[in-house]
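Trainee: The following block contains a protein sequence and its predicted model.
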Amino acid sequence: MLDWLRKLTKPDSAQEETAHREFLLKAVLVSFIGLLGVYVFIDWAIMFSLRGSLVFGNFLWLVLLPLLLFNYWLTRPGYVTLSSYLFLGLITIGTLLSMFASGSKDVSVLLFAVGAWLAGRLIGLRWAVLIVALDVLAFSALAWAETAGLRPTPVTNTRLIDVVALGLILAALVVVEWLLQSERGWWLRRDHKHTVAPGTASQAPEKAGQAFVEQEAWRRELALARKIQTSLLPRSNPTLAEFDIKGRSMPAEEVGGDFYSYLPLNDGRLGLAIGDVSGKGVASALYMAVASGIVEAQATISPDSATLVHRVNDLLYGRVHETGLNMALIYAIFDLSRRQLQVCNAGLIAPLLYRGDAFSYLECYGLPVGAVSGEVYQEQQVQLQSGDIVLLMTDGIVEAMNAHRELFGFPGLESALQNCGKSDAQGILDGVFHSVFEFMGDMPPQDDMTLVVVRLGDRSLSC
C-alpha cells in the first residue's frame, strides 16, 4: 500500500504514453470546469426563479468546481496518475450524490459513462471494469432505496430497466475502450517497427564500430598492464651450485594478483617471496605491484622471515584495510651454506616438502597481511637434505577445478610430484602445470596460479 502511494505521488516520466494521458486529462478537465461553471450558475438562476430555492445537488457541484481546479493544477508538475485517480473519484462521488438528491438519471448515466471511459484511457482497462461494476451496484442500491422510501423523492423515478440500461451502456463502453486500446497498440507497434527499427539499424554499424574501437583500446591497456606486471616478476631464475630453483606465475585473467620474487641476501642467503592478493583483475594487480615493492624493500633490513612478514603487514594494513583486500604471503629464506630453510606463512598454502617418497607440509600459519594491524607471526626452520624438493605455491594450484566441479587438490598435487619427482626443478614445474591443466580440461582457470620449485642437489634427468 505504501509503495502504491509513493508511486502515486511521484511525477510521471515524460514518455509518449504519459504525454498522451496528460493531454487527454487536461482537455477533459478544462471542458468539465467550463461546462460545470456554466451549468451551476445558469441552473442556479433557473431553479431559483422557478422554485425560489436551490436543491442539494447544485451546492455539491459548486464544491466540486474548486476541486477540479486543484486537480488541473496537479497536472502542471506532472502528477498525471494522481490527478487521474482524483478526477475519477470526484466524478463518481459527485454523480452518486447528485443522483441521490435529484434522481437526474440522464446526467448521471452520462457522467458514469465518462468516468468508465476515462478510467480506461487514464489508468487502465482494469479500472474501467471496476468503475463499471461499482457504478452498477451503486445505481442499483439507489434504485432500491428509492422504492423503499429511504431517499428523498427524486425528480424522476428509477426503474429496473434503467439499471439494466446503465449496465449495458457501461459494458459496451468498456468493450469499445478495449478495442480502442488494442487498435492504438497495433498502430504504435507498427510505427515503432517502421520508424524506430530502421533508425536503430542504421545506427547499428556506427555503434558497433565505436564499441570495437573502445574494446580494442581496452585490450591495448590490458596488454600494457600485463607487460608491466610481467616485468615485476623475475626475468630469470637464480643459478646456484646446489639449489635448483624454477618459478612460474599464470594469471587467470589478463592481469592478476599473484607474484613471486627472488631476493639475494647477505651471508650467502636467498630470500623467496610468494604473494597472492585477494581477488583478480586490475585492482589486485595494482596492490600486487605495491606489495611486491614493499617486500623487496624490507628484505634487506629484516633479520628473519617472521620480522619481514610482520613489517609488511603493518605497512600494508594502512593501504588495504579500507578496501577489504588483503594479501596471503609466504616468505622463505634459504641458507645456502648451511642447507637450512626458514619460512613464515601468512595465509597461503603450506609449503610442501617431498623427501624420498614421503610428503610433509611445513605447518606454519598466520593471518594474511593487511588483515589485522599488529599481527605477530611465527616461523619454522627445516634442515634440508640432498634430493629434497620444496614446493611453494598459491592456492590456485590446488583449487583448480574441472567440469565436474572437482578440485585438483592436494592428492592431485602429490601425484603430479611423484610422477616427476626424479626430474630437475624445471621438469617438476612443467609436470605439475601439465597435470593441473590436464585435470581442468576445457575449464578456464578460476584463480591465478603461482608455483616455485626448489630442489637441493642430486638432480636427475627430466621426466
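Mentor: Ah, there it is.
Trainee: Now do the buried residues in stretch 432-440.
Mentor: Neighbour counts using 16 or more other Cβ atoms under 10 Å place 432-433, 435-436, 439-440 of stretch 432-440 among the buried residues. Every residue, glycine included, has its C-beta placed from N, CA and C.
Trainee: do you know how far I389 is from F408?
Mentor: 18 Å (Cβ to Cβ, to the nearest Å).
Trainee: let me fix that: L308
Mentor: 30 Å.
Trainee: who has more neighbours, those two?
Mentor: Using other Cβ atoms under 10 Å, the more surrounded residue of L308 and F408 is L308, with 26 against 23.
Trainee: E242 and V454, how far apart?
Mentor: 11 Å.
Trainee: Is S373 located within a helix, as I assumed?
Mentor: No - looking at S373 with DSSP: H, G, I helix; E, B strand; the rest coil, it is coil, so not inside a helix.
Trainee: from what I can see it touches L315, true?
Mentor: No - the criterion here is Cβ atoms under 8 Å, and S373 misses it with L315 at 10.6 Å.
Trainee: Compare the two and say which is more crowded by neighbours.
Mentor: Taking neighbours as other Cβ under 10 Å, S373 and L315 compare with L315 leading, 17 against 11.
Trainee: three-state assignment of Y354?
Mentor: Criterion first, three-state DSSP; result for Y354: strand.
Trainee: Excluding chain neighbours, what is closest to it?
Mentor: I389 (4.2 Å; Cβ to Cβ, 6 or more residues apart in numbering).
Trainee: what residues are up against the one you found?
Mentor: I389 makes contact with 353-355, 417, 421, 428, 453-456 under the criterion Cβ atoms under 8 Å, 6 or more residues apart in numbering.
Trainee: Report the beta-bridge partner residues of it.
Mentor: Y354, R455 (DSSP bridges).
Trainee: Which parts of the stretch 251-400 of the chain are strands?
Mentor: For the stretch 251-400 of the chain, the strands defined by DSSP state E, counting those that start in this stretch cover 258-265, 269-277, 327-335, 340-346, 352-355, 358-361, 380-383, 389-393.
Trainee: Leaving out chain neighbours, which residue sits closest to A400?
Mentor: Here the residue nearest A400, using Cβ to Cβ, 6+ apart, is F408, at 4.2 Å.
Trainee: my read: the one you found touches F439, true?
Mentor: Yes - at 5.1 Å, F408 counts as touching F439 under the criterion of Cβ under 8 Å.
Trainee: Find residues that contact each of the two.
Mentor: With Cβ under 8 Å, 6+ apart, F408 and F439 have common neighbours 400, 402.
Trainee: Kindly export stretch 396-415 (C-alpha atoms) in PDB.
Mentor: Output of stretch 396-415 as PDB, limited to C-alpha atoms (Å, rounded to 0.1, in the frame of the first residue of the first chain):
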ATOM      1  CA  GLY A 396      45.100 -21.500  -7.400                       C
ATOM      2  CA  ILE A 397      47.100 -24.700  -7.900                       C
ATOM      3  CA  VAL A 398      45.200 -27.000  -5.500                       C
ATOM      4  CA  GLU A 399      41.800 -25.200  -6.100                       C
ATOM      5  CA  ALA A 400      41.900 -25.800  -9.900                       C
ATOM      6  CA  MET A 401      38.500 -27.200 -10.900                       C
ATOM      7  CA  ASN A 402      37.300 -29.500 -13.700                       C
ATOM      8  CA  ALA A 403      34.000 -29.600 -15.500                       C
ATOM      9  CA  HIS A 404      32.500 -31.800 -12.700                       C
ATOM     10  CA  ARG A 405      33.400 -29.100 -10.200                       C
ATOM     11  CA  GLU A 406      36.000 -31.400  -8.600                       C
ATOM     12  CA  LEU A 407      39.200 -29.800  -7.100                       C
ATOM     13  CA  PHE A 408      42.700 -30.800  -8.200                       C
ATOM     14  CA  GLY A 409      43.500 -30.800  -4.500                       C
ATOM     15  CA  PHE A 410      46.500 -32.000  -2.500                       C
ATOM     16  CA  PRO A 411      46.200 -35.600  -3.800                       C
ATOM     17  CA  GLY A 412      46.500 -34.300  -7.400                       C
ATOM     18  CA  LEU A 413      49.500 -32.200  -6.400                       C
ATOM     19  CA  GLU A 414      51.200 -35.100  -4.700                       C
ATOM     20  CA  SER A 415      50.500 -37.500  -7.600                       C
END
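Trainee: Can you name the residues in contact with it?
Mentor: Contacts of stretch 396-415 (Cβ under 8 Å, 6+ apart): 252, 258, 276, 349, 352, 359, 391, 432, 435-436, 439-443, 445-451.
Trainee: buried set for it?
Mentor: So for stretch 396-415, counting by 16+ other Cβ under 10 Å, buried means 396-398, 400-401, 408, 412-413.
Trainee: now do stretch 85-97
Mentor: Here stretch 85-97 shows 85-88, 90-92, 94-97 as buried, counting by 16+ other Cβ under 10 Å.
Trainee: ok, for G271, nearest residue in space, not its chain neighbours?
Mentor: Per Cβ to Cβ, 6+ apart, closest to G271 is L263, 3.5 Å.
Trainee: any idea how far T239 is from the one you found?
Mentor: Counting by Cβ to Cβ, the gap from L263 to T239 is 15 Å.
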